[in-house]
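Trainee: What follows is a predicted protein model with its sequence.
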Amino acid sequence: MKNMKMMMISLFAVAFVFMGCQALPQADATEKTTENTAQQQSNVTDKANAPAYELVQAPYPADVDQALEQIRKQGGYKVVPAADQTYVAIGLGQRNKGGFKPVINRVETANGVTTVYVSEQKPADGAMTIQVISYPTAVISLPKTSTTIKVVFA
């Protein structure tokens, strides 16, 4: 009887391990990321009046960190001028789970105004995401400019 119990427990343990060890299709996620990046770049380079911009990764300058802290919970954007470039800190505000991300669709300059178009990437329906409060942000840098900068959330 004891051997039978141990054998059943072992069988359930092995089944549990195998059910939890499924491989996820990583190639699809990589291809989508590459597609999105290429699409973002084509949106910017197709326009003659599009200023060059760069997505900036942390660590950020202290002024940019302060701007992010100001917009972190409620969302929005802050323009942070620096010596040789202008930073734009963009926040989506509080989200109740992970998987959200601001996506820069394009940047245009017209009539003395530089406009940054941003959309929100959401987790796919039914996707497993981390269940924590998150504050998705992005920071871009533009060449030093004196034009007015505005961000349009689509």
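Mentor: Received, thanks.
Trainee: Helix or strand next in line after the host helix or strand of residue 88, which one?
Mentor: For residue 88, the enclosing helix or strand under DSSP states H and E is strand 85-91. Counting by DSSP H and E, the next helix or strand C-terminal to strand 85-91 is strand 101-110.
Trainee: orientation of that next one relative to strand 85-91 in degrees?
Mentor: 140 degrees (axes from the mean of the first three to the mean of the last three CA atoms, to 10 degrees).
Trainee: Tell me which strands strand 101-110 pairs with, and in which orientation.
Mentor: Here strand 101-110 has these sheet partners by DSSP bridges: strand 113-121 (antiparallel).
Trainee: related to what we said a few turns ago, packing partners of the strand holding residue 88?
Mentor: Applying 3 or more CB pairs under 8 Å, 6 or more residues apart in numbering; DSSP states H and E, one finds that strand 85-91 contacts helix 62-71, strand 76-81, strand 101-110, strand 113-121, strand 137-143, strand 148-153. Where C-beta positions appear, they are placed from N, C-alpha and C, glycine not excepted.
Trainee: If we use 6 Å, what do you get?
Mentor: helix 62-71, strand 76-81, strand 137-143 (3 or more CB pairs under 6 Å, 6 or more residues apart in numbering; DSSP states H and E).
Trainee: Just say which of the ones you listed is most tucked in.
Mentor: When these are scored by mean count of other CB atoms under 10 Å, the highest mean neighbour count falls to strand 137-143 (a mean of 20).
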